[in-house]
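Asks: Okay, predicted coordinates and the sequence, questions at the end:
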Amino acid sequence: MGKKTTMPHGKTWRLSGEILSPEALSDTEERQFSEIFSSFQNLTMSEPSLGVSAATMRGRETAARASLGYFCGRFGGDYGRDAVIKAFATALALPVKPYDFNTLSFGAALWLLDYVQEQDLQSELLPLLPQNTELPEPPAADFRYPRGLVSSVAYVLLNRRKSTLKEFRKLTGLLRKPDAANLRASFRDATLDYFGRFLEVCKRVAPATPPAPETAPTLSPFPLAKDLFSTGTKPPPPPDFRNLPERTPDVTFLIKTPSLIGTPPDKMQSELYYRRLTDLLSEFAVRNPYEICAASLLLERENDLLMNLNTLTNAVLACAERHLPWACERAEAAPPLYSAATPDYALHYASPEPPEEGGGTVPQGRLFSAQQLFYRATGYLLPRDREPSGELEAWFTAQGLSGGDSRALAVAAMALSAPDDARTDAEGGVWEAVCASRKAPGEPGGPCDPDNAERVAELTRQLKSAKQAAHEKEQLIRQLEEQLRDETRRAEQDRMELRGLRDTLFRTRAGEVSDFSTPEKPIQFPYQIRRRVLIFGGHDTWSKSIRPLLPGARFFERESLPDLNAIKGADVVWIQANALSHKFYYRIIETARRENILVRYFSFASARKCAEQVVENELSETPES
């Protein structure tokens, strides 16, 4: 019997926006889980300099219990439930400080500005920005938005727990539901990727065998943890305990990940000792660091469990920060962005033109300059007072870039330097002008004519009203489209379920004789199931007979309440309806429909024939490797 876990009453737990139900642990699992947390809690009490409070450790243990079932559902089939519990408890129990979210605020600010620009939400954003406030200095200049605008959005994010809490909530409230879901999913996928790598460390890397200690061994499951976390205030350990990475590869991997992301392989291996750890960590990356920055603040606002997974959360945030452009320092002797010169306007290039009729291309007898070709392709004019910097191109090449890439970056730097200079001269450009129109008459940068200011205000209100109406219509259209997709999906699920029920009814009436074809090749039992297959219902004798035939499938007692978390992670659900209560049946069906999971029905009373059904279905729906 599983031991009932103690969780805060009435608390709703969410992971990536998905509601979770804490899963009960068996007595053995509970003992293993508690021993790991107790070991590190004792270490925290003995090492106050670690900076992790007892309350923080209790919060992490609560988060671990709430999300453990989700991770077991994801990884238990590949690594075994016991291994997942041990690895997950270790990752969440290590006494490391929480990552500083504020370092990601400018990355999140730029992602939000891109989103506002894409969705045309400027009029909704501007009222949320601070006025007459000292703003933080952005870490880098952006070619798309002025510094003042980036700093204003970052100010709202940095002060989200204090003075700008209301504005922060409205700002994140601008996200459409599908876009917010994509943000959560990006952080979840990165977290699962990292935890999968950690499980590989736990499974594949065996720590070096230490020499026999002279004293009695400790009962702690992590005897070297104290040495690994040592702050240097105590005498060094004996010589035979110095090679900690050799002896604790799992803990070393977790602790050193934030500092080693983005380091060369030789440096990484000198810290991690094992080549397998180096390979696993060097391949860990995030697809879009700006997206992870924005996702972290959204998940924090929602009190999502992904923000309280200790070393797993830290690894994803550190990886995102390391991939931001300003994570590196500027070169001490940075080459110039361009060379001051008059471009070459000579007509050197013969550009082929398509004929009026027919296919192919024919030369038209005209020559073009590089500036003309750029205009023909883009509609823009290249700067008239500068050329690409040869020094910058050589600098890029010295960093390891190919000649073509170095030249392309040098041209880009030259082209982008012109609007950057123009923006600086104009003190912000269009965005700053729009912001200035919001100021009262007489304020620095505000409109001077009161009548004109009233007219601007009226037009602004009309524009906002029109945009709001258009936005509401777009939202209604999107909602109707989502409803249509949901109804179409439900209808397809109903058709598939009815087809299965019809086949089951036909075979039952005809007897278990002719309707189930014998496989071309006899199936060898036991058969290892590769997909996540859940089986509900059936009499006890039937269940006892079919279990040995299908290792890898997960069976549920007909008198036990179905594990909804397990259903959410399944590939297919099989139901033996001859011994399953209506209450349990409808809970299973409702969850499967909501999660878009296939439902199949057994057509026979024979355990072997039912097992053949499962295998035939898996072979028909699993692509060949």
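Replies: Good, I have the coordinates.

Asks: Tell me how many other residues crowd residue 206.
Replies: Around residue 206 there are 8 other residues, counting by other Cβ atoms under 10 Å. Heads up, the C-betas are built off the backbone N, CA and C, glycines and all.

Asks: Phi and psi next, for it.
Replies: The phi/psi pair for residue 206 (degrees, to the nearest 10) reads phi -90, psi 130.

Asks: quick one: it from residue 87, how far?
Replies: 15 Å (Cβ to Cβ, to the nearest Å).

Asks: Residue 93 too?
Replies: 11 Å.

Asks: Counting neighbours, go ahead and name the busier of those two.
Replies: The neighbour count for residue 93 versus residue 87, taken as other Cβ under 10 Å, is higher for residue 93 (26 against 23).

Asks: Which strand or helix spans the residue nearest to the more buried one when sequence neighbours are not counted?
Replies: Closest residue to residue 93 apart from its sequence neighbours, by Cβ to Cβ, 6 or more residues apart in numbering: residue 40 at 4.2 Å. Assigned by DSSP states H and E, residue 40 falls within helix 27-46.

Asks: pLDDT on that helix, on average?
Replies: Mean pLDDT, helix 27-46: 82.

Asks: Just the buried residues of that helix, please?
Replies: Judged by neighbour count (16 or more other Cβ atoms under 10 Å), helix 27-46 contains these buried residues: 29, 30, 32, 33, 35, 36, 37, 39, 40, 41, 43, 44.

Asks: Moving C-terminal from that helix, which element do we reach first?
Replies: With DSSP H and E, the next secondary element past helix 27-46 is helix 54-79.

Asks: Counting by contacts, list what the helix or strand following that following helix packs against.
Replies: On the C-terminal side of helix 54-79, the closest following helix or strand by DSSP H and E is helix 81-93. Counting contacts by 3 or more Cβ pairs under 8 Å, 6 or more residues apart in numbering; DSSP states H and E, helix 81-93 packs against helix 27-46, helix 54-79, helix 177-204, helix 249-260, helix 311-323.

Asks: ranking these by mean pLDDT, which is last?
Replies: Among those, helix 27-46 carries the lowest mean pLDDT, a mean of 82.

Asks: Just give the nearest non-adjacent residue to the residue minimising distance to the centre of the chain, would you?
Replies: Nearest to the geometric centre of the chain sits residue 187, at 1.8 Å (Cα atoms, centre = their mean). Once flanking residues are discounted, residue 187 sits nearest to residue 295: 4.1 Å by Cβ to Cβ, 6+ apart.

Asks: so what's the backbone phi/psi at the one you found?
Replies: With angles defined as degrees, to the nearest 10, residue 295 sits at phi -60, psi -40.

Asks: Let me see the ranges of the strands in the stretch 451-600 of the chain.
Replies: Ranges of strands in the stretch 451-600 of the chain, per DSSP state E, counting those that start in this stretch, are 533-537, 554-556, 572-576, 598-601.

Asks: can you tell which of those strands is closest to residue 523?
Replies: strand 533-537 (15.0 Å; Cβ to Cβ).

Asks: What is that closest one packed up against?
Replies: Other elements packing on strand 533-537 under the criterion 3+ Cβ pairs under 8 Å, 6+ apart are strand 554-556, strand 572-576, helix 582-594, helix 607-621.

Asks: Now with 6 Å, please.
Replies: Applying 3 or more Cβ pairs under 6 Å, 6 or more residues apart in numbering; DSSP states H and E, we find strand 533-537 packed against strand 554-556, strand 572-576.

Asks: Mind putting those into JSON lines with mean neighbour count and mean pLDDT?
Replies: Converted to JSON lines, these look like this (neighbours: other Cβ atoms under 10 Å; pLDDT from 0 to 100):
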{"stretch": "strand 554-556", "mean neighbour count": "18", "mean pLDDT": "88"}
{"stretch": "strand 572-576", "mean neighbour count": "23", "mean pLDDT": "90"}
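
Asks: closest to residue 280 out of these?
Replies: Of all the helices and strands packed on strand 533-537, it is strand 554-556 that lies closest to residue 280, at 28.1 Å by Cβ to Cβ.

Asks: Report all helices and strands that the closest one contacts.
Replies: Applying 3+ Cβ pairs under 6 Å, 6+ apart, one finds that strand 554-556 contacts strand 533-537.

Asks: Convert the C-alpha atoms of the strand it packs on to PDB, please.
Replies: Coordinates of each C-alpha in strand 533-537 appear next as PDB, following Å, rounded to 0.1, in the frame of the first residue of the first chain:
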ATOM      1  CA  VAL A 533       0.300   1.600 -22.400                       C
ATOM      2  CA  LEU A 534      -2.300   1.700 -19.600                       C
ATOM      3  CA  ILE A 535      -4.700  -1.200 -19.000                       C
ATOM      4  CA  PHE A 536      -7.900  -0.800 -16.800                       C
ATOM      5  CA  GLY A 537     -10.500  -3.200 -15.700                       C
END
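
Asks: Report the distance from that strand to the chain centre.
Replies: 30 Å (Cα atoms, centre = their mean, to the nearest Å).

Asks: who does it pair up with?
Replies: Within its sheet, strand 533-537 is paired with strand 554-556 (parallel), strand 572-576 (parallel), according to DSSP bridges.

Asks: contacting residues around that strand?
Replies: Identification of contacts with strand 533-537 by Cβ atoms under 6 Å, 6 or more residues apart in numbering yields 553-556, 558, 570, 572-577, 579-580, 588.

Asks: Please report how far the residue nearest to residue 93 lies from residue 26.
Replies: For residue 40, the distance to residue 26 - Cβ to Cβ - is 22 Å.

Asks: And for residue 177?
Replies: Distance, residue 177 to residue 26, by Cβ to Cβ: 38 Å.

Asks: Also residue 344?
Replies: The gap separating residue 344 from residue 26 is 77 Å, by Cβ to Cβ.

Asks: now swap in residue 85 and tell me
Replies: For residue 85 relative to residue 26 (Cβ to Cβ), the value is 10 Å.

Asks: Then residue 302?
Replies: Using Cβ to Cβ, residue 302 is found at 31 Å from residue 26.

Asks: contact partners of the helix or strand harbouring residue 112?
Replies: Assigned by DSSP H and E, residue 112 falls within helix 105-119. Under the criterion Cβ under 6 Å, 6+ apart, residues 125, 138-139, 145, 150, 153-154, 157-158, 290, 293-294, 297, 324 lie in contact with helix 105-119.

Asks: Please indicate which of the residues you listed has the highest neighbour count?
Replies: residue 294 (30 neighbours).

Asks: what angle separates the one helix or strand it maps to from helix 177-204?
Replies: Following DSSP H and E, the helix or strand that holds residue 294 is helix 289-301. Put simply, helix 289-301 runs at 100 degrees to helix 177-204, going by axes from the mean of the first three to the mean of the last three Cα atoms, to 10 degrees.

Asks: Now the element after the host helix or strand of residue 372, going C-ward?
Replies: Element membership for residue 372 (DSSP H and E) is helix 370-378. As assigned by DSSP H and E, the chain's next helix or strand after helix 370-378 is strand 386-388.

Asks: Sheet partners, orientation included, of that next one?
Replies: In the sheet, strand 386-388 lines up against strand 338-340 (antiparallel) (DSSP bridges).

Asks: Show residues contacting the strand it pairs with.
Replies: So strand 338-340 is contacted by 386, 387, 389, 414, 417 (Cβ under 6 Å, 6+ apart).

Asks: one more time with 8 Å
Replies: With contacts defined as Cβ atoms under 8 Å, 6 or more residues apart in numbering, strand 338-340 is touched by 383, 385, 386, 387, 388, 389, 390, 392, 413, 414, 417.

Asks: Check which residues of it are buried.
Replies: residue 338.

Asks: And for stretch 75-94?
Replies: 75-77, 79, 81, 83-94.

Asks: Residue ranges in the protein under the pLDDT threshold?
Replies: Where the chain drops to pLDDT under 70, the residues are 1-10, 44-51, 208-246, 351-365, 418-457, 493-521, 561-563, 622-625.

Asks: that older thread, I'd say the residue nearest to residue 93 and residue 58 touch.
Replies: No - counting by Cβ atoms under 8 Å, residue 40 does not reach residue 58; the two are 12.0 Å apart.
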